[in-house]
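Enquirer: heads up, no residue letters with this:
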């Protein structure tokens with residue numbers, strides 16, 4: 001069972017951009033949304049730099 005879940009998670013990670021794009025368009029179409037501007041929340045984004 002664990003190997004199935006691990007394989008599925010790997011598949012989802014590889015397909016993340018496509019899934020996000022398709023989900024966004026499906027929801028926008030469902031609610032008849034027209035998106036001109038999209039805000040991206042970066043409050044939980046972690047950045048590390050070597051100096």
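Expert: Ah, there it is. In this text, all values refer to a predicted model and were calculated from it rather than measured experimentally.
Enquirer: Give me the contacts around the lengthiest helix in the chain.
Expert: Secondary structure of the chain per DSSP state H: the longest helix is helix 16-30. Contacts of helix 16-30 with the rest of the structure, by Cβ atoms under 8 Å, 6 or more residues apart in numbering, involve 12, 33-35. C-beta coordinates here come from the backbone N, C-alpha and C atoms, glycine included.
Enquirer: so how far is that helix from its chain's centroid?
Expert: Offset of helix 16-30 from its chain centre (Cα atoms, centre = their mean, to the nearest Å): 9 Å.
Enquirer: Buried residues, it. List them.
Expert: Applying a neighbour-count criterion of 16 or more other Cβ atoms under 10 Å, helix 16-30 contains no buried positions.
Enquirer: Would you mind listing which of the contacts of helix 16-30 are buried?
Expert: Among the contacts of helix 16-30, none scores as buried (criterion: 16+ other Cβ under 10 Å).
Enquirer: among those, which two are most distant?
Expert: The span of those, defined through Cβ to Cβ, is set by 12 and 34 at 28.8 Å.
Enquirer: and the longest helix of the chain, average pLDDT?
Expert: Averaged across helix 16-30, pLDDT comes to 92.
Enquirer: Tell me, how many residues neighbour residue 2?
Expert: Look at residue 2: counted by other Cβ atoms under 10 Å, it has 6 neighbours.
Enquirer: next one: residue 3
Expert: Every residue meeting other Cβ under 10 Å relative to residue 3 is counted, giving 7.
Enquirer: can I get the contacts of helix 16-30 in TSV with secondary structure?
Expert: Converted to TSV, the contacts of helix 16-30 look like this (DSSP: H, G, I helix; E, B strand; the rest coil):
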residue	secondary structure
12	helix
33	coil
34	coil
35	coil
